[in-house]
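> Following is a predicted model, sequence given first.
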Amino acid sequence: MAENSKIDFNQLALDIKQWGKQLGFAQVGITDTDVSDHIQSYRDWLSRGYHGEMSFMQRNQQLREDPAQLHPGTLRVISVRMNYLISDAGFASTLKNPNRAYISRYALGRDYHKVLRKRLKKLAEKIKTVCESLDYRPFVDSAPLMERPLAEKAGLGWTGKHTLLIHPCEGSWFFLGELLVNLPLPTDNPIEPQCGNCVACMTLCPTGAITQPYTIDARRCISYLTIENPGSIAEEFRPLMGNRIYGCDDCQLACPYNRQSQLGEENDFLPRHELDKETLLELFAWDEATFLAKTQGSPIRRIGHERWQRNIAVALGNAPTSIVIIQALEDARTDSSELVKEHIDWALNQHYNQLQVVTRQTSRLIRIVEKGLARDA
């Protein structure tokens, strides 16, 4: 306490923001730990079952509703964001090519959890050179913490109708992280919401997962279906997934604020192993050893090889029918788990049905030609 009385916390807050930018953060904001305005809406969301199989969203509610309990002595939350969009991201070209695999932009590079946590620790070490009494704990999407409400309060953006944070000048292509500290730093002011009457994200969501403004039914969301969902993907959603095999960026692509998004400067977020260019068949051919090797240090690894195959099988079912695709599905079926077989069988049925349509059309065309030839004769 004696040490703290000698510190100019207003200046320290300014210094923290400058140090954060030097460490690669696009913005640093500071807020208190009060999230009471968001508790009831979160409870309502859970009561509707919108969290699906994500049981962790229900656990540790006391900690989630009071961030100070996560780290006793916490007075402030230093909230940071780091941009991850790269130039020539190629969203449209991949989505328009049904034989290519679409992986959510955030997951193409190195695992952001590790990158941001490391930088947050460096930021804390910098603060400690000025304030030895600092006690801190970093978080990056790794604890029961309402990070978006806290980031919103810290002035990093407002929560859009798709529930992601939006910055008025930099869009939403960024990661969030938090540093819980025991310092009475001055807090920042939130930004007024600026979505207005825009409903682009709701209209363009492939599966209608944004059930109303600011509310997502995760059970319908492609990101949930391909990442968090451990079991079978409901058949009603499979055709709507297209070639998306890990996550979905459609709501962000629809947002007008992302037309002016700032590019990230972190090389760790550049695509690895050319995952932004691979075809579905190339990725479907990965055995488990290859999957583990290629996804080392990647957020993709946590879904495991089985879900990876499940997701790609669905995408292959949505791809244009070809003998190569049918053969790849048939070959993989023998050694696949029951979960993967279910989705392979669905994909094969998609192609066999298409072949039947083509066969009927061809037979009809042949009959028409034969009649024409007989008449001419």
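Received the coordinates, thanks. Please read these numbers as outputs of a predicted model, since none were measured by experiment.
> What segments of the stretch 1-150 of the chain are helices?
Under the criterion DSSP state H, counting those that start in this stretch, the stretch 1-150 of the chain carries helices at the ranges 9-22, 36-47, 61-65, 91-95, 112-128, 147-153.
> and the closest residue to residue 163 other than its chain neighbours, what does it touch?
In space, residue 163 comes closest to residue 216 once its chain neighbours are excluded; the distance is 5.3 Å by Cβ to Cβ, 6 or more residues apart in numbering. C-beta here means a position set from N, CA and C on the backbone, and glycine is covered the same way. Remark: with contacts taken as Cβ atoms under 8 Å, 6 or more residues apart in numbering, residue 216 is in contact with 50, 162-163, 209-210.
> List the beta-bridge partners for residue 216.
Residue 216 has these beta-bridge partners by DSSP bridges: residue 210.
> so where's this protein uncertain?
Scanning the chain for pLDDT under 70 picks out the ranges 1-5, 358, 362, 365-366, 368-377.
> Would you mind splitting the protein into its domains for me?
What automatic domain parsing lists as the domains of the chain is 1-96+106-226+247-266, 279-377.
> most tightly surrounded among those?
Highest mean neighbour count among the domains of the chain (mean count of other Cβ atoms under 10 Å): domain 1-96+106-226+247-266, with a mean of 18.
> from the middle of its chain, how far away would that domain be?
Here domain 1-96+106-226+247-266 is found 13 Å from its chain centre; the criterion is Cα atoms, centre = their mean, to the nearest Å.
> Likewise for stretch 277-288?
A distance of 21 Å separates the centroid of the chain from that of stretch 277-288, by Cα atoms, centre = their mean.
> gap between the two ends of it?
20 Å (Cα to Cα, to the nearest Å).
> ditto for stretch 55-70
Between the opening and closing residues of stretch 55-70 we find a distance of 19 Å, counting by Cα to Cα.
> For the stretch 201-350 of the chain, which segments count as helices?
Counting by DSSP H, counting those that start in this stretch, the helices of the stretch 201-350 of the chain are 222-223, 238-241, 250-254, 280-284, 288-294, 304-318, 323-333, 338-376.
> what's the second one packed up against?
If you count contacts as 3 or more Cβ pairs under 8 Å, 6 or more residues apart in numbering; DSSP states H and E, helix 238-241 packs onto helix 304-318.
> on contacts alone, who are the packing partners of the helix it packs on?
Of the remaining helices and strands, those touching helix 304-318 by 3+ Cβ pairs under 8 Å, 6+ apart are helix 238-241, strand 244-246, helix 280-284, helix 288-294, helix 323-333, helix 338-376.
> Which stretch among these approaches residue 300 most closely?
Evaluated over the helices and strands packed on helix 304-318, closeness to residue 300 peaks at strand 244-246, with 5.7 Å, by Cβ to Cβ.
> so what's residue 33 up against?
Contacts for residue 33 were tallied using Cβ under 8 Å, 6+ apart; they are 66-68, 74-77, 150, 180.
> Looking at those, spot the one nearest residue 348.
Distances from residue 348 to those, taken as Cβ to Cβ, are shortest for residue 150 (46.9 Å).
> Could you find the closest non-adjacent residue to the closest one?
Nearest non-adjacent residue to residue 150, counting by Cβ to Cβ, 6+ apart: residue 77, 5.1 Å away.
> Residue 222 now?
The nearest residue in space to residue 222 (Cβ to Cβ, 6+ apart) is residue 248, at 3.7 Å.
> Hmm, residue 220 and the one you found touching each other?
No. Applying Cβ atoms under 8 Å as the test, residue 248 and residue 220 come out as separate, 11.0 Å apart.
> from what I can see residue 188 touches residue 30, true?
Yes. At 5.4 Å, residue 188 and residue 30 qualify as touching, with contact defined as Cβ under 8 Å.
> Find the residues that touch each one of those two.
With Cβ under 8 Å, 6+ apart applied, the overlap between the contact sets of residue 188 and residue 30 consists of residue 154.
> how much space is there between the residue nearest the centre of the chain and residue 45?
Closest residue to the average C-alpha location of the chain: residue 247 at 5.5 Å, with Cα atoms, centre = their mean. In this view, residue 247 and residue 45 are 20 Å apart by Cβ to Cβ, to the nearest Å.
> what's the answer for residue 207, then?
When distances are taken as Cβ to Cβ, residue 207 and residue 45 turn out to be 17 Å apart.
> contacting residues around the closest residue to residue 268 other than its chain neighbours?
By the measure of Cβ to Cβ, 6+ apart, the closest residue to residue 268 outside its immediate chain neighbours is residue 110, 4.0 Å from it. Residue 110 makes contacts with 268-269, 272, 297-298, as judged by Cβ under 8 Å, 6+ apart.
> Likewise for residue 233?
If you count contacts by Cβ under 8 Å, 6+ apart, residue 233 has them with 225-226, 241, 310-311, 314, 343.
> How about residue 31?
Neighbouring residues of residue 31 by Cβ under 8 Å, 6+ apart: 76-77, 79, 150, 153-155, 187-188.
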